[in-house]
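In: The following block contains a protein sequence and its predicted model.
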Amino acid sequence: MTDVDVEVIVIGAGPAGSTAALFLARSGIDVLLVDRHQFPRSKVCGDALIPDAIDMLKNIGLYDSVYKEGFSLSQFRIIAPNGDSILLNGSFITIKRILFDNLLCNAAISAGAKSAWNYSFENCIYENSKYKVEFHDNLNNKHYITSKYLIVATGANPLPLKNLGLLKYLRPTAIGIRRYVKAANTFEQELIFSYEKFLLPGYAWIFPLGNGTYNVGCGLFLHRNNNRINLHDLYNRFVTESPIARQVLSTAEEQSFLEGAPLWTGFMGSLVGNGSILVAGEALGLTYPTTGEGIGKCMKSGELVAKAIIAHRDEGYCRPASDLYQNLLDKEIKSKYLPYIISQKWLKYPFVPNMVVKQANKNESIRKLLEGILKEEVEPSRILSLWGLIKVMLRIT
Ligand SMILES: Cc1cc2nc3c(=O)[nH]c(=O)nc-3n(C[C@H](O)[C@H](O)[C@H](O)COP(=O)(O)OP(=O)(O)OC[C@H]3O[C@@H](n4cnc5c(N)ncnc54)[C@H](O)[C@@H]3O)c2cc1C
């Protein structure tokens, strides 16, 4: 793969990178999608697509294939630390990331994007008005590709951003762990979010994938005082102490190891870019605080980064592409994060989920607000803020 020259290199073929490559290829732009892994590849995740991801799939015409390969659910259950629970309506698809990410990158390839697997990005230099980008293959041989634009969509791996001088925060903001199990299909119709006291403001989950397969995991948001956390222990605590986990897992066979991964949330990742180097997806910190869901937002950033490049060419390269991209991010997604950052702060107190679940069980409009939060029709701070909680307590929402 030496001496290749393309207009855009996208590094990382996760939801952000593949969506960017798809939009660029559909606009007739010469784009190369590179990943350090061979695709299809697995990715540690809860495997749940919430409405923002489903909307993006409809937008790019991929909903039907994901619907066919995935498992559809119309309910979710929130379990409070005191064990009370509420069953709510919503629309979700679960699908293993090995399948989902492959569908997405194949769509980009079908649209005309080139691909190269098993090449790890190392660094780049700017010379002769182009980026000369260095990759290493599995045998540690160096390869160079030149391009006008570089999209960095390398997820939670901070090294590429560090090498490019774009890393803003040194530590991830959350960590998660999950395992696949096969069990009886007792809870196959609902996504379960269990707010265990020892995980707050994080949570544990049991997400069915169909045919008795479940993705079971837990996630923790990091702060200065929980440096020495052992997530394996917390997972084991969840599966042995939680009544619902015990019920689901009583007949379970393990189908995978327990695997963990970091998350970068709340726009706390890297700088947006520099010139024609642009950062998309989780590398930018685009996974949501409070929920840890990121696929939809990372796909959206893929669309926006492609739009910024297209606008940059159309405008005749007069403003830096990174400025155009920053404007699009500010206009379309940045404001969505603050309410989630605020909500996460409230969720660390067990009385908050306890009270919200209790009151939602008694009051239809609080129940509707909770459903609206996952549909992104209602900001979470409508409930998880001082004023929101007072209103929930008095049931005057
Ligand atoms: C435990 C856990 C549970 C989660 N559950 C959910 C969920 O249920 N729903 C949801 O919406 N979100 C969930 N998320 C968040 C979600 O996984 C991320 O938001 C999403 O994967 C980010 O997409 P991305 O394309 O930015 O990065 P990624 O999906 O991480 O893709 C990045 C790609 O870059 C490649 N790469 C990295 N470094 C290099 C390099 N140097 N050279 C070449 N390639 C490179 C990687 O191989 C990878 O393929 C979860 C995350 C975790 C950790």
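Out: Done, it's in.

In: Chain neighbours aside, what residue packs nearest to residue 392?
Out: Of all residues not flanking residue 392 in the chain, residue 359 sits nearest, at 5.1 Å (Cβ to Cβ, 6 or more residues apart in numbering). The way it works is simple: take the backbone N, C-alpha and C, and place the C-beta from them, glycine included.

In: In contact with the closest residue to residue 16 other than its chain neighbours, which residues?
Out: Nearest residue to residue 16, sequence neighbours excluded (Cβ to Cβ, 6+ apart): residue 281, at 2.6 Å. Shown in contact with residue 281 (Cβ atoms under 8 Å, 6 or more residues apart in numbering): 12, 14, 15, 16, 17, 153, 155, 294, 298, 301, 302.

In: now, which of those residues sits nearest residue 322?
Out: For the contacts of residue 281, the residue nearest residue 322 by Cβ to Cβ is residue 301; the value is 13.2 Å.

In: quick one: which of the contacts of residue 281 has the most company?
Out: For these, the largest neighbour count, defined by other Cβ atoms under 10 Å, is 34 neighbours, found at residue 16.

In: Could you identify the helix or strand that succeeds the helix or strand harbouring that one?
Out: Using DSSP states H and E, the element containing residue 16 is helix 15-26. Using DSSP H and E, the helix or strand that directly follows helix 15-26 along the chain is strand 31-35.

In: can you give me phi and psi for the nearest residue to residue 240 once chain neighbours are set aside?
Out: Using Cβ to Cβ, 6+ apart and skipping residues adjacent in sequence, the residue nearest residue 240 is residue 246, 7.1 Å away. Main-chain dihedrals, residue 246, degrees, to the nearest 10: phi -60, psi -40.

In: Please tell me how far residue 246 sits from the ligand.
Out: For residue 246, the distance to the ligand equals 21 Å [Cβ to the nearest ligand atom, to the nearest Å].

In: count of neighbours near the nearest residue to residue 275 once chain neighbours are set aside?
Out: With sequence-adjacent residues excluded and distances taken as Cβ to Cβ, 6+ apart, residue 275 is closest to residue 320, at 5.4 Å. Residue 320 has 16 neighbours, counted by other Cβ under 10 Å.

In: so residue 320 touches residue 272, yeah?
Out: No: because the distance of 10.5 Å does not satisfy Cβ atoms under 8 Å, residue 320 is recorded as not touching residue 272.

In: residue contacts, the residue nearest to residue 392?
Out: Residues in contact with residue 359 (Cβ under 8 Å, 6+ apart) are 366, 392, 393, 395.

In: buried set for the one helix or strand it maps to?
Out: In the assignment (DSSP H and E), residue 359 maps to helix 351-362. The neighbour-count check on helix 351-362 (16 or more other Cβ atoms under 10 Å) flags 352, 353, 354, 355, 356, 357, 358, 359, 360 as buried.

In: near the ligand, which residues of the stretch 151-300 of the chain?
Out: Contact residues (Cβ under 6 Å from any ligand atom) of the stretch 151-300 of the chain with the ligand: 153-157, 160, 176, 178, 217, 219, 261, 263, 281-282, 287, 292-295, 298.

In: Just give the closest residue to residue 195, not the sequence neighbours.
Out: Excluding its sequence neighbours, the residue lying closest to residue 195 (Cβ to Cβ, 6+ apart) is residue 353, at 4.4 Å.

In: rewinding a little: which of the contacts of residue 359 lies closest to the ligand?
Out: Among these, residue 366 lies closest to the ligand (Cβ to the nearest ligand atom), at 24.5 Å.

In: related to what we said a few turns ago, angles on the backbone of the residue nearest to residue 16, please.
Out: Torsion angles, degrees, to the nearest 10, at residue 281: phi 80, psi -150.

In: tell me the pLDDT at it?
Out: Looking at residue 281, its pLDDT is 97.

In: Repeat that for residue 226.
Out: We have a pLDDT of 65 for residue 226.

In: How about the one 5 residues further on?
Out: We note a pLDDT of 92 for residue 231 in this prediction.

In: how about the closest residue to it other than its chain neighbours, secondary structure?
Out: Among residues not flanking residue 231 along the chain, residue 177 sits closest, at 4.7 Å (Cβ to Cβ, 6+ apart). For residue 177, the secondary-structure state derived from DSSP: H, G, I helix; E, B strand; the rest coil is strand.

In: hey, what's residue 177 bridged with?
Out: Beta-bridge partners for residue 177, by DSSP bridges, are residue 218, residue 260.

In: Enumerate every residue touching it.
Out: Contacts of residue 177 by Cβ under 8 Å, 6+ apart are 44, 217, 218, 219, 231, 232, 235, 258, 259, 260, 261.

In: out of those, who's nearest the ligand?
Out: For the contacts of residue 177, the minimum distance to the ligand (Cβ to the nearest ligand atom) is 3.7 Å, reached by residue 261.

In: residues near that closest one, how many?
Out: The tally of other residues near residue 261 (other Cβ under 10 Å) stands at 17.

In: Return the per-residue confidence for the residue nearest to residue 392.
Out: Looking at residue 359, its pLDDT is 93.

In: Just the buried subset of the contacts of residue 177, please.
Out: By 16+ other Cβ under 10 Å, those give 44, 217, 218, 219, 231, 235, 258, 260, 261 as buried.

In: Just name the closest of these to residue 79, please.
Out: Of all the buried ones among the contacts of residue 177, the one sitting nearest residue 79 is residue 218; the distance, using Cβ to Cβ, is 12.6 Å.

In: Pop the domain breakdown of the chain in here.
Out: 4-45+99-171+265-337, 72-94+172-261, 339-394 (automatic domain parsing).

In: what about the second one, how long is it end to end?
Out: To tie it back to what came earlier, the one meant is domain 72-94+172-261. Using Cα to Cα, to the nearest Å, one end of domain 72-94+172-261 lies 25 Å from the other.

In: How far off centre is that domain?
Out: Remark: domain 72-94+172-261 is offset 16 Å from the chain centroid, using Cα atoms, centre = their mean, to the nearest Å.

In: and if you look at stretch 58-65?
Out: With Cα atoms, centre = their mean, you get 18 Å for stretch 58-65.
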